[in-house]
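A.B. asks: heads up, no residue letters with this:
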Ligand SMILES: O=P(O)(O)OC[C@H]1O[C@](O)(COP(=O)(O)O)[C@@H](O)[C@@H]1O
Ligand SMILES: [Mg+2]
Ligand SMILES: [Mg+2]
């Protein structure tokens, strides 16, 4: 008889006990994310057949054109989390400020807040290239039963209790951590069940793939330019291969499996780069570290950064530990002079 793959449901139940304060609330939360992921997956897969491609004609708080699928995915995740009364607050790339989730009984006991990037890789939606969803979970810091505040969301990434992503690619996968390693589950679309397909995922310590939008090369800090040149030099196992999908989730996923580094540096055009600390960099950094990889802003550990705004951006270097350290060493050489 072939290898029996554990379902996500079975895995959640089995691993619930490994989580401190375990009341089953976090398990219910992961279940809800699984459900919303299946709903969004269904929409993504038939995107070309129904009128959900293209932009929605609105802009989000960051001045980016919202795609129709950005809005649909945002609605599906928020609705699913709200309806299950397992969170007390939600923040999203597509919402200006956080949403307080009130349950029917005044003093609801929900203790988690969730931050989401409902649709990651929006520029790839219309061209049938893989996209994703990213989520990050914290225990609230304000007293249970009291109104949720911004403070509950502006926590350093090291406080995350869970983080993960869904990649809607050649197959649909849910990859997440609760601080006990990283596991990947593949959706069997025929029966709508996620199965454990990639247990204990780990970044190879070193790699041969670098992912960066080289179209911004001339605007990059000298340290980044030097590291890209280093990746391209004929020497030993170099040149490395350049791979850039333009969806953070997909580039991260490939690099975690094959070994590689993803970079979205600051530049003379964007002094903090493009990616958002709270619902892109923190969750991917938590996953990276749990998978023996590394994540920094070129100088500091992402998970130790103290957030100050819901939608703040930070430079991002993430992937195989030795590659991130190498990039950081080039950055350190030029730290003093770079456009502070
Ligand atoms: O087109 P650029 O500037 O290279 O940016 C691509 C990056 O921006 C993102 O699309 C930003 O995420 P959103 O699509 O969620 O806004 C990342 O997924 C991706 O890595
Ligand atoms: Mg994104
Ligand atoms: Mg997005």
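C.D. replies: Everything's here; your move. Small disclaimer: the values here were computed from a predicted structure and weren't measured. Numbering: from 1, shown residues only. Ligands and ions are numbered 1, 2, ... in the order given.
A.B. asks: between the two ends of stretch 275-284, how far is it?
C.D. replies: Length of stretch 275-284, first residue to last, C-alpha to C-alpha, to the nearest Å: 11 Å.
A.B. asks: err, stretch 117-133, not the other one
C.D. replies: For stretch 117-133, the end-to-end distance is 6 Å (C-alpha to C-alpha).
A.B. asks: buried ones in stretch 195-210?
C.D. replies: For stretch 195-210, burial by neighbour count (16 or more other C-beta atoms under 10 Å) applies to 195-197, 201, 203-204, 206-210. To be clear about C-beta, it is placed using only N, CA and C from the backbone, and glycine gets the same treatment.
A.B. asks: just the ones of the residues you listed in strands?
C.D. replies: Mapping the buried residues of stretch 195-210 onto strands (DSSP state E) picks out 195-197, 209-210.
A.B. asks: now those residues in TSV, with pLDDT and distance to ligand 3?
C.D. replies: Converted to TSV, those look like this (pLDDT from 0 to 100; distance: C-beta to the ion, whole Å):
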residue	pLDDT	distance to ligand 3
195	97	27
196	97	27
197	97	25
209	98	23
210	98	23
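A.B. asks: circling back: can you add distance to ligand 1 and give the buried residues of stretch 195-210 back as CSV?
C.D. replies: As requested, the buried residues of stretch 195-210 are exported to CSV (distance: C-beta to the nearest ligand atom, whole Å):
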residue, distance to ligand 1
195, 26
196, 26
197, 23
201, 19
203, 17
204, 21
206, 22
207, 18
208, 20
209, 14
210, 13
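A.B. asks: list the buried ones in stretch 221-228?
C.D. replies: 221, 223-228.
A.B. asks: up against ligand 2, what does the protein have?
C.D. replies: By the rule C-beta under 5 Å from the ion, the part of the chain lying against ligand 2 is 117, 120, 280.
A.B. asks: ok, the last one to residue 101 distance?
C.D. replies: Yep, that's residue 280 we're talking about. 22 Å (C-beta to C-beta, to the nearest Å).
A.B. asks: who's more crowded, these two?
C.D. replies: For residue 280 versus residue 101, neighbours defined as other C-beta atoms under 10 Å are more numerous around residue 280 (25 against 22).
A.B. asks: give me the neighbour count for the one residue in the stretch 1-150 of the chain that gets nearest to ligand 1.
C.D. replies: Ligand 1 sits closest to residue 122 of the stretch 1-150 of the chain, with a gap of 3.7 Å, by C-beta to the nearest ligand atom. For residue 122, the neighbour count with other C-beta under 10 Å is 23.
A.B. asks: residue 324 now?
C.D. replies: For residue 324, using other C-beta under 10 Å, the count is 22.
A.B. asks: can you check residue 129 too?
C.D. replies: When counting by other C-beta under 10 Å, one arrives at 14 neighbours for residue 129.
A.B. asks: tell me the contacts of the residue nearest to it when sequence neighbours are not counted?
C.D. replies: Using C-beta to C-beta, 6 or more residues apart in numbering and skipping the chain neighbours, the partner closest in space to residue 129 is residue 245 (6.3 Å). Contacts for residue 245 were tallied using C-beta atoms under 8 Å, 6 or more residues apart in numbering; they are 121, 124, 129-130, 211, 251, 254.
A.B. asks: quick check: of those residues, which lies closest to residue 309?
C.D. replies: residue 121 (22.9 Å; C-beta to C-beta).
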